Each structure stands twice: as structure tokens, then as C-alpha cells.
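>>> can't give you the sequence, but here's the structure:
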């Protein structure tokens, strides 16, 4: 899957781990890997991840090892392909099933960017981030080896479901949304300096057993602002339909840029619609543009729910989820919530299991909102529309 400027359109196949896009910018002459807090070396690497105490070793593989694992990169092992190469399902000598990304030797991926990617993924570790197992740098071959996600991507289940495949129910959707938000929260609030993901979308949220979500594809990840800086400047890259408007127009990137992208993903999860769908009528092709007028009238919220849910969702939960999405996709960055508040709200929604046998969406269509006990502040911010921009004062740990 290739990168594109936000003003363009890209559509590519992606089934497991898409080949990453990797323009690496520099801050004060230092690369992303040099500015990450923990120290590490690539060869025989042992690095503390995300400032934590866990120690990992990024394995090195020979090209022959990975050719054997993929049966010489046979077509029936291919999981997906894009602008930077192909991803294969492989089985290592240890019998571990993995996803192997083979980067296109003629593509835009450079050796330095490849090494930065390896280091960044080695330094970041969280249950909602995909794990890097190792890499190969034999000659001009560049490959990355990841843990294999057996259920594919969120995009597969929302937009590319095969006939007969069971649709995601409401409870699973909220679980995936909350988990993805937690992964993003780790990058924003736990990594030091914070990491701006920059390319959050459904195809980059992979699903493990039990629909446990993990963020993948860190090719556009960039270190966020530190000190008195409010943003970092970079050339505009990402995926059309997910880019925050201020980033698309000015190239100024902040943590709130990711929050906007997450809001688009949350809308996709709720509505079942794609961020950009040129097959729809003119007024419905852009998901955010279609949703904004509907946000203003709660009586139309039911029209926004994914028809494949067949009414099997809690209307109160639908209202709350849409309120969160609406705040995330605000045009003004300072009106968007910080991701920690989104995590609080979505974790609560995910804990409220919907039982279709005893609960009816129509039965409580106009029920009042009830904030979770002990978490009223986050819901006040998200549902009341009064958002304080904590990014200006919050210290990134």
C-alpha cells in the first residue's frame, strides 16, 4: 500500500500488514531513531521499549531464512501488496507463523529509513501495537518480520467481508475502537518524545484472536513536538479521507492530527461506510462531510448506524459513540479531545455489553446520557462540547 499526499486518492490491496510508507523527517539534524529516549543499536539490538524496562532482542534473519519461510515467496503465501512491496505469510524454522514484509528494492524505501523503522518498532511496545520480531538486511534485500494477525485487518471485516462472513456486532466494534484508542494513547502519552502515528485508518488496525486490535504500519510515524513547540512541520503525506484539514493545508502536524484520523475510523466502525467511497452519491462520498449535518440532529442518529447491525445496538451507546466521533473530527484542532479522554469514554462503552435478546435500540432511542461513575469529566468534555486543549500544558511522560 503506497502513501499519497492528502490531496490525492489511493486505493490498494491490503490483507494483513501493508508495506509501509516511510518518509523520515529530521528534527535539529537528528533522525527519529536518534531522538527516541531509549538507546539501542540495531545489530544484536536490545532496547527498552517506549521508555519502559522491558528488554527485547530484534532478531536478524538471512534472506534464505525468509525465502524458506515463505516457500520462496510463493503467490499462495501472499497476504497483500502496495507501494513499498509485498507482505507474505511465513513459517519460521521455530514453527512460528509470521507476516513478512518484503520491501521493493526499486521503491522509495531507503536503507536509513528502513533502519529507523526497525529501531522505532523495537522501542515501542504495547498490547495494542503490532510486535516486530526481526528484520533482514542481506545485500540489497530489506525485509521486516512481524507477528501474524490471524483475523486480518479491520478494513477486511468492515468493507471487504466475503459472502457468508459474520458481520461485526456492536460489542466487537466497541472493543476494537477502545483497543485502537489505547494503542494511540500509548504513542501520544507514554512514548518519549511522543510519537505521531500519522496514518491511522482501518487497514492499519490488525486483529488478533478474539478481535484484539493492534496498530500496524508505522511507515509515516513521526516524533511529535517537544518543549515549547506546538507542532512539527513536515511534507503532507497520508491517506485521503483520514488527514486532518489543518495538516493537509499547512503541513503542521500535532497529536490532534491523529485524533482526527481516529474520529474517521470510529465513524467507519459505527456506520460501516468507507472514509471515501466514490461509488456513493456526490453528497455521500466523503464520510465526514456526510456525517456532519447529521450530528446536529439526534433524531437522525439512527440513520447513521451500520445497516448490517440490523438494529442490534444500544441507542444510548450509539449516541455516545457518535458524540465522541463528532468531537474528534472537529475542524479546529483545539476543539478535539486528547486521546486519553477518548480512551476513557470508549473503554466505558466497550464495558457496557449489549444483549440483543434483552435490549432494543428502538426501546431507548431517546434515553438520556448517563456518564460512567467516576469518569464524568471525560464525558462532559466529549458530550458537552467543552474541550480544554490539554496538549499545551500536558507533559508527555
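Great, that's in hand. Just so we're clear, the structure is a prediction, and the values are computed from it rather than from any experiment.
>>> Point out where the stretch 151-300 of the chain drops to low pLDDT.
219-220, 226-230, 233-235 (pLDDT under 70).
>>> On the three-state scheme, residue 125 is what?
Of the three states, residue 125 takes coil under DSSP: H, G, I helix; E, B strand; the rest coil.
>>> I figured it hits residue 183, correct?
No: contact status for residue 125 versus residue 183: not in contact, 10.9 Å apart, counting by C-beta atoms under 8 Å. Where you see a C-beta, it was placed from the backbone N, CA and C, and this is true even at glycine.
>>> Compare neighbour counts for those two and give me the winner.
residue 183 (24 against 18; other C-beta atoms under 10 Å).
>>> residues contacting the residue nearest the centre of the chain?
For the chain, residue 200 is the residue whose C-alpha lies nearest the centre (C-alpha atoms, centre = their mean; 3.6 Å). Counting by C-beta atoms under 8 Å, 6 or more residues apart in numbering, residue 200 makes contact with 180, 184, 215, 242, 258, 261-262, 265.
>>> Which helix or strand contains residue 133?
strand 132-136 (DSSP states H and E).
>>> Tell me the gap between that strand and the middle of its chain.
Distance of strand 132-136 from its chain centroid, counting by C-alpha atoms, centre = their mean, to the nearest Å, is 21 Å.
>>> swap in stretch 317-330?
The answer for stretch 317-330 is 17 Å, by C-alpha atoms, centre = their mean.
>>> Tell me which residues of that stretch come out buried.
Residues of stretch 317-330 classed as buried: 317-330 (neighbour count, 16 or more other C-beta atoms under 10 Å).
>>> How is the chain partitioned into domains?
If you go by automatic domain parsing, the domain ranges for the chain are 32-147, 154-392.
>>> Quick one: the strands in the chain, in order.
Along the chain, counting by DSSP state E, strands occupy 46-48, 55-57, 59-60, 78-82, 85-91, 97-103, 132-136, 143-147, 195-196, 205-208, 212-215, 222-223, 232-233, 252-253.
>>> Mean neighbour count, these: which tops it?
strand 195-196 (a mean of 26; mean count of other C-beta atoms under 10 Å).
>>> Show me the contact partners of it.
Residues from elsewhere that reach strand 195-196, judged by C-beta under 8 Å, 6+ apart: 120, 124, 187-188, 221-224, 232, 253-255, 257-258.
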